[in-house]
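Participant: When you get a sec, could you give me coordinates for this:
(one chain, ligands or ions: 1)
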Amino acid sequence: MTIPDDALTALAEAVGPGSLRTGEAIPARNRKDASKAAEGLPAALVTPRSTDEVAAVLAICSRFSLPVVVQGGMTGLAGGASPQAGEVALSLERMSGVEEIDPVSRTMTVLAGTPLSVVQEKAAEAGFLYGVDLGARGSCTIGGNVATNAGGVQVLRYGMTRRNVLGLEVVTADGRIVSHLKKVVKNNAGYDWTQLFIGSEGTLGVVTRVLLALQPAVTGVQTALCAAQDVGKALAALNRLEARLGGSLLAFEAMWPEYMKAAVDHGGLPWPFPAARPELTLVIEAAMGSAAGEEAFAEALAELAEEGLLDDALIAQSGRDRTRFWAYREANYEFYRDLPPGVHFDVSIPLGSMEKAVALLRERVVARSPEAFAIVFGHLADSNLHISIHSAVMELSGFADILYELVREMEGSVSAEHGVGILKRPYLGMSRSPEEIALMGSLKRTLDPGNILNRGRILPA
Ligand SMILES: Cc1cc2nc3c(=O)[nH]c(=O)nc-3n(C[C@H](O)[C@H](O)[C@H](O)COP(=O)(O)OP(=O)(O)OC[C@H]3O[C@@H](n4cnc5c(N)ncnc54)[C@H](O)[C@@H]3O)c2cc1C
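Facilitator: Residues are numbered from 1 along each chain as shown. Okay, the predicted model is just below:
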């Protein structure tokens, strides 16, 4: 599908000719996100520099019924930002920058195209911390984080993105600018519409400006690499640490043995524990403040080891140790390259069913193909598992059916933190009821009656 000449002329007038590109002038980065979605050349790429320009672009696209795909840092893993045939790509890449840090209200106002790492750095320079952190921090944008309600490694302490957002400015499909950027924690004056846009993956509106809540900076960060015999013991240890250390826990990440084997065999890391090859290797991190707090962390872990909830607990004695411990948790970015072809998932499983779910997964994967195996790791405290299933001989999509059926049986979610996008849309009904999906459809039709925004993401086109 090509864009009518008068629509192209109107778009060029709205953003200026330098901010409108077509055909081969469109860079590779705007043709595909970080997921397995197919590459696509958008019908046009617009890179507005202001909210008014975004509004003008959407008003034109609405008038000409042009489908629009919204693009942030292109690190999404659900195919949501990858262009589909005939779409106008609206990239927020030129709308980047921190506009204000208010130390009294503990807020930061940022443009949607600002990379997460910039927000983190500016917060730290001002003596604060921004509560969301994830591996794609250098490239993903705050607008993309809001659109996907991104999680990451500190959800245990600070929650997902929605808990760190106080207000939004958005542009609706017809080009209306709607703004709530008041620096107040409480606002029960009517519906909290901003929360509706968080996690809506660009299907309801384009996020242009975000008011973020900042946290006090943390000190005395303690990191431990621990071994646990099973999920039950690991979760008992988590509950004990939460009670004992108050709100100090930052991360409680878990890696199952197949993951550790890949990290050792293909990631070049040594087995961390001298004897044990535990069912679970844990990275536990807490911000303990004072020296007394640091001692309390060590004592708490020693106590859990004595009681048999943990088999081993190595505490980082230096920044180097901390990096070394996190290298296990981040080894997956490297080791996948050396494994047989795989298919990747991001699911939630209720904590009470997690042990059973991992055991059933192993059984069902091997039943389909004895050489196949599943790698499991993730944000255990958030009931969020990242799973990849690898096979040198089998067609991989059959494993998706196995996993999502298991998620349905366990009453989990087919998307924990990466969103639905294009790739998970066929499975939405496995963790949402028909009534829920119908409600989502009503909201979509109300806010985007022409169905121009991120068409076919989350809901059928
Ligand atoms: C190495 C790596 C590690 C990752 N780790 C995590 C993790 O721990 N936790 C996690 O949650 N995710 C993780 N992700 C996934 C990804 O980083 C997040 O989904 C991130 O929030 C996407 O941001 P982005 O700016 O790249 O968005 P994009 O990929 O550009 O877009 C993602 C979706 O948001 C929409 N969108 C983007 N910007 C806007 C906007 N301004 N307004 C409206 N809609 C918009 C797009 O249309 C698309 O549907 C990881 C990805 C990688 C590659």
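
Participant: by contact count, what packs against the lowest-mean-pLDDT helix or strand in the chain?
Facilitator: Using mean pLDDT, DSSP states H and E, the weakest-scoring helix or strand in the chain turns out to be helix 332-335, at a mean of 87. Counting contacts by 3 or more Cβ pairs under 8 Å, 6 or more residues apart in numbering; DSSP states H and E, helix 332-335 is packed against helix 257-265. Placement of C-beta: from N, CA and C, glycine included.

Participant: Buried residues of the helix it packs on, list them for me.
Facilitator: Neighbour counts using 16 or more other Cβ atoms under 10 Å place 258-264 of helix 257-265 among the buried residues.

Participant: Please list which of the residues you listed are also close to the ligand.
Facilitator: For the ligand, no contacts are drawn from the buried residues of helix 257-265 by Cβ under 6 Å from any ligand atom.

Participant: returning to what we had before: Provide the contact partners of the least confident helix or strand of the chain at residue level.
Facilitator: Helix 332-335 has contacts (Cβ atoms under 8 Å, 6 or more residues apart in numbering) with 135, 259, 262-263, 265-267, 375, 377, 386, 388.

Participant: Buried residues, it. List them.
Facilitator: Neighbour counts over helix 332-335 (16+ other Cβ under 10 Å) mark 332, 335 as buried.

Participant: likewise stretch 79-92?
Facilitator: 79-84, 87-92.

Participant: before we move on, what about stretch 61-75?
Facilitator: 61-62, 64, 66-75.

Participant: likewise stretch 412-426?
Facilitator: Applying 16+ other Cβ under 10 Å to stretch 412-426 flags 412-425 as buried.

Participant: Would you point out the most distant pair within the residues you listed?
Facilitator: With Cβ to Cβ as the measure, no two of the buried residues of stretch 412-426 lie farther apart than Gly412 and Ile422, at 21.0 Å.

Participant: Please report the distance of the residue most central in space within the chain from the ligand.
Facilitator: The centroid of the chain falls nearest to Ala150 when counting by Cα atoms, centre = their mean (3.5 Å). Noted for Ala150: a distance of 4 Å to the ligand, by Cβ to the nearest ligand atom, to the nearest Å.

Participant: Check Thr161 too.
Facilitator: 8 Å.

Participant: State the number of residues packed around that residue.
Facilitator: For Thr161, the count of nearby residues is 27 (other Cβ atoms under 10 Å).

Participant: if we can go back for a sec, return the residues in contact with the residue nearest to the centre of the chain.
Facilitator: 132, 134, 140, 144, 160-161, 417.

Participant: Repeat the analysis, applying 10 Å as the threshold.
Facilitator: By Cβ atoms under 10 Å, 6 or more residues apart in numbering, the residues touching Ala150 are 75-76, 116, 132-134, 136, 140, 142, 144, 160-162, 164, 198-199, 417-419.

Participant: what do you get for Gly18?
Facilitator: Taking Cβ under 10 Å, 6+ apart, we find Gly18 in contact with 12, 47, 49.

Participant: of those, buried ones?
Facilitator: Applying 16+ other Cβ under 10 Å to the contacts of Gly18 flags 47, 49 as buried.

Participant: And the strands in the stretch 151-300 of the chain?
Facilitator: Under the criterion DSSP state E, counting those that start in this stretch, the stretch 151-300 of the chain contains strands at 165-171, 177-180, 206-213, 215-216, 221-228, 249-255, 280-287.

Participant: What strands line up against the shortest one, and which way round?
Facilitator: According to DSSP bridges, strand 215-216 forms sheet pairs with strand 128-129 (antiparallel).

Participant: Show me how far the strand it pairs with is from its chain's centre.
Facilitator: Its chain's average C-alpha position is 20 Å from that of strand 128-129, according to Cα atoms, centre = their mean, to the nearest Å.

Participant: Check which element follows it along the chain.
Facilitator: Using DSSP states H and E, the helix or strand that follows strand 128-129 towards the C-terminus is helix 142-148.

Participant: Give me the pLDDT for the residue in the stretch 301-450 of the chain that the ligand sits nearest to.
Facilitator: Scanning the stretch 301-450 of the chain for proximity to the ligand using Cβ to the nearest ligand atom identifies Glu417 as nearest, at 3.5 Å. At Glu417, the predicted lDDT confidence score is 96.

Participant: For the chain, which residues are neighbours of the ligand?
Facilitator: Residues of the chain lying near the ligand (Cβ under 6 Å from any ligand atom): 33-34, 69-77, 80-81, 92, 112, 134-136, 140-141, 143-145, 147-148, 150-152, 201-202, 206-207, 417-418, 421, 454, 457.

Participant: beta partners for Leu20?
Facilitator: Listed beta-bridge partners, Leu20: Val46 (assigned using DSSP bridges).

Participant: What's the separation between it and Gly80?
Facilitator: Using Cβ to Cβ, to the nearest Å, we find Leu20 at a distance of 22 Å from Gly80.

Participant: Which parts of the chain belong to which domain?
Facilitator: 5-94, 98-216, 221-333, 340-419+427-435 (automatic domain parsing).

Participant: Now tabulate the ones you listed in CSV and tack on distance to Ala461.
Facilitator: Listed next are the domains of the chain as CSV, based on distance: least, Cβ to Cβ, whole Å:
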stretch, distance to Ala461
domain 5-94, 8
domain 98-216, 11
domain 221-333, 33
domain 340-419+427-435, 13
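
Participant: you'd agree Phe197 is up against Ser179?
Facilitator: No - contact between Phe197 and Ser179 fails when scored by Cβ atoms under 10 Å: they sit 11.7 Å apart.

Participant: Spit out the residues that contact the two alike.
Facilitator: By Cβ under 10 Å, 6+ apart, the residues touching both Phe197 and Ser179 are 168, 170.

Participant: So which of those two has more stuff around it?
Facilitator: Phe197 (24 against 15).

Participant: Tell me how many other residues surround Ala59.
Facilitator: Ala59: 18 surrounding residues under other Cβ under 10 Å.

Participant: Poorly predicted segments of the chain, please.
Facilitator: 1, 276 (pLDDT under 70).

Participant: Apply 80 and report the result again.
Facilitator: 1, 274-277 (pLDDT under 80).

Participant: Could you pull out the helices in it for me?
Facilitator: 5-15, 51-63, 116-125, 142-148, 155-158, 193-197, 231-245, 257-265, 291-306, 319-330, 332-335, 354-368, 397-409, 434-447 (DSSP state H).

Participant: now for the longest one, which elements pack on it?
Facilitator: Pointing back at helix 291-306 there. strand 221-228, helix 231-245, strand 280-287, strand 312-315 (3 or more Cβ pairs under 10 Å, 6 or more residues apart in numbering; DSSP states H and E).

Participant: Val221 versus Gly127, what's the distance?
Facilitator: Look at Gly127 and Val221: by Cβ to Cβ, they are 16 Å apart.

Participant: ok, these two, which is more surrounded?
Facilitator: The neighbour comparison of Gly127 against Val221 (other Cβ under 10 Å) goes to Val221, with 18 against 11.

Participant: Give me the neighbour count for the closest residue to that one other than its chain neighbours.
Facilitator: Spatially, and ignoring its direct neighbours in sequence, Val221 is nearest to Ala287 (5.3 Å; Cβ to Cβ, 6 or more residues apart in numbering). With neighbours defined by other Cβ under 10 Å, the count for Ala287 comes to 20.
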